[in-house]
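Build me a model from this:
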Amino acid sequence: MNYIYTLIILTFLYSCSTSNSRKDNTYISNLDKATEGKSLEEIKKDITETLASFKSVLKIYNNPLFKNEIKDIKEEEYEPIFVKDETLVKESLNQFSSGVVFTQSFDEYQNRINFRFKEDTKKAIKGLPKHIKETKEPFKVYYKEKDIKNDSIANYGVYFGIDNSFGKMNFIDSIKVKHTLKYVATYEEIELSKELPKIKYNGGEIILNNIEKNYVYFTTSDTIKSPIKIQAYNKEGKPLYRKSYSRSGFEESIGKEKMTRFVEFFEKLEEKLNNNKFSSVTDFKEYVKENISALDYFNDEDGYYHRYLYFKGNVDKVKLFFAKERKQKDTIFTAINTTKFSNKIMMPTKDSMLFFNKKLEQILRVKNTEQEQLSETFFEDANYYYHYDFDKKKIDTVLVYYLKAYKNGMVVIQENTIDDDYQLVDSENKKIKNKKYNYLNEVGNNLFGYRDTKAFFISETGTEKYLKNISKIEETNDDDISLVINDDEGSFNEKYGLLNNKGVVITPIIYARIYDFKEGIACVENSKGFYGGINKEGKVVIPFKYNESFRFVNGLALVELESITKVINKKGKTILGINSSENVEVKGEGVDRIFLFKNKKYNAKGNLISE
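Here you go, the predicted model:
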């Protein structure tokens, strides 16, 4: 979607929520931004793409699949109840408390940074409604050479799960980020129903014109700002999902006519551009400004904004939530680089593939390659596998059926067919003797091979270690630690243990269940049904005496001992509920947790809150 298309969409929506006196200025301001630095030829390309997009939109009006209708809904669908921003803000700000990491790569002499959560690299960042404005702005970058940069970095992206451009090629150690949320602290809530269809509000009025089955039509004075949330409820008070809605003042048949006129406006622009009717970009802009009224049919014409909404259920009442007070909250987190750079660092450019050593000195340049790096010395394209000999500066084609590289640096091949065993090879493309496997399994950062029903741990050098009495291997939320399972006594009596990235069983395979690590400690259930905790070295740090599973948050865990809830720290020491038959209660999440005990309140770290 090009900029002008975005411009028109935003202006179209903007015209439905802004007073008439401001609309023309918005059109002109956005038009200036859209054409800034562009030639007439570039503008013509944008107009052509925009026109094609809107012709596609016009087709939707003729598609019965997209047509809404008023009807009785037999199978309703419900959305979450609307909650105050304060709740969402706390959850959003607290999500980074468990730690943030990133991986680093290079492209076109620029740093590429990919942010992830430390304890769960697959975890997605919390989504927020559009009315909560969120920014994540880096304000300090710490480089490996101990240099610190805190200027000209505010525009660097901090987006999770995708690559972010982060300045000139250099090894980064960590990045300090400021996370800011601007949100609505308090609301005004307006409820409309058949019994109460009209309300005076904020110098105007809100009128419920029709409420029928799944359909709601209401109007608001154009002096009233748009609500930040509209939620409909059925007779039981359950909030209904909204199917779609129109914010213009027109029914669908009229909307088709207006969209047609919109397309005609752009067709006229395209024709003039094709016939060189504009002498300059300024001339083009003046024409658009003079004829902008052709789009004015999107404005309201009766002093009201009209909304037609369809829900996935039968509507009994509607609530409108309006912003009353806005606030801002900030938090700061530091992201740590977890990249393990090899001795050969690859960087693509437009016409070549460059290779650097750990001092970022260029050691090899390969022109016009579309090869993808599999390991430090192995590559592939659509047709072949390749081995790079950096010392001799030559490239050999590897003629095998299949080749795969693993995170620990190991490479395996199938020489001729899919039925061949997997053969380990080293970085010099030499076979590692007697190292063939029926199949391999990568779990986190750990590699396992299977031969004749036996499981082996495979190290970074290709040495193998036989894993006795292990039937299955699964991942944990730490990529360097694997969950190992013995099911010799049947699938309903499995025993669990842990194995580290050296192939050492650090936790004996005797436990009934092992949970994910939280703040460095995993809750474990023993064979007698009691719960304790182990650290990442496999050492028991919380004794097996608790009746329910637990997890640590801010260094504390809520546990149950003989049906009484207490609070313990990571050393297993009880800090709330010692020698007491009274339960400790907890409210809130993360750093906002509050413990209630004997009519007193304690914060998330267990400290007494003074009244």
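
Which residues are in contact with the closest residue to residue 93 other than its chain neighbours?
Leaving out its chain neighbours, the residue that sits closest to residue 93 by Cβ to Cβ, 6 or more residues apart in numbering is residue 331, at 4.7 Å. All C-beta spots, glycine's among them, are computed from the backbone N, C-alpha and C. Neighbouring residues of residue 331 by Cβ atoms under 8 Å, 6 or more residues apart in numbering: 93, 96, 178-179.

Walking through the protein, point out its helices one by one.
3-14, 20-35, 40-60, 85-94, 252-274, 281-290 (DSSP state H).

weakest of those helices in terms of mean pLDDT?
Of all these, mean pLDDT reaches its minimum on helix 3-14 (a mean of 46).

doesn't residue 600 make contact with residue 608?
Yes - counting by Cβ atoms under 8 Å, residue 600 is a contact partner of residue 608 at 6.3 Å.

burial measure for the nearest residue to residue 212 once chain neighbours are set aside, as a count.
Excluding the flanking residues, the one nearest residue 212 by Cβ to Cβ, 6+ apart is residue 70, at 5.7 Å. The local packing of residue 70 (other Cβ atoms under 10 Å) involves 11 other residues.

And residue 427, by the same measure?
19.

what's the answer for residue 556, then?
Neighbours of residue 556 under the rule other Cβ under 10 Å: 22.

how much space between it and residue 95?
Between residue 556 and residue 95 the computed distance is 18 Å (Cβ to Cβ, to the nearest Å).

Residue 333 too?
Counting by Cβ to Cβ, the gap from residue 333 to residue 95 is 9 Å.

cool, and residue 362?
Distance from residue 362 to residue 95, by Cβ to Cβ: 40 Å.

more neighbours, the two?
residue 95 (17 against 11).

Isn't that one up against residue 128?
No - here residue 95 does not reach residue 128: they are 10.9 Å apart, not a contact under Cβ under 8 Å.

Show me the domain layout of this structure.
Domains of the chain are assigned by automatic domain parsing as 3-67+252-295, 85-183+329-345, 186-249+310-325, 553-611.

Among those, show the one with the smallest mean pLDDT.
Among the domains of the chain, domain 3-67+252-295 carries the lowest mean pLDDT (a mean of 69).

Please enumerate the strands of the stretch 501-611 of the chain.
All strands of the stretch 501-611 of the chain, identified by DSSP state E, counting those that start in this stretch, fall at 505-511, 513-518, 521-525, 531-535, 540-546, 556-561, 564-569, 574-576, 585-587, 594-597, 600-602.

Just give the nearest non-adjacent residue to residue 128, would you?
That would be residue 134: by Cβ to Cβ, 6+ apart, it lies 5.7 Å from residue 128.

neighbours around residue 506, how many?
16.

quick one, what contacts it?
So residue 506 contacts 481, 498-500, 537-538 (Cβ under 8 Å, 6+ apart).

and which of the residues you listed is nearest residue 461?
residue 500 (16.3 Å; Cβ to Cβ).

what's the burial count for that closest one?
18.

Now do the closest residue to it other than its chain neighbours, the pLDDT please.
Distances taken as Cβ to Cβ, 6+ apart place residue 506 nearest to residue 500, at 5.1 Å, with adjacent residues excluded. The score at residue 506 is 96. That number is its pLDDT.

Equivalent analysis for residue 425, please.
Looking at residue 425, the pLDDT reads 94.

and if you look at the one 3 residues further on?
If you check residue 428, the pLDDT there is 90.

which residue sits closest to it in space, ignoring its chain neighbours?
Here the residue nearest residue 428, using Cβ to Cβ, 6+ apart, is residue 377, at 7.4 Å.

And the one you found, how far from residue 463?
For residue 377, the distance to residue 463 - Cβ to Cβ - is 19 Å.

the more surrounded of these two?
residue 377 (21 against 12).

tell me the contacts of that one?
344, 387-390, 427-429.

Show me the residues you listed that map onto strands.
387-389 (DSSP state E).
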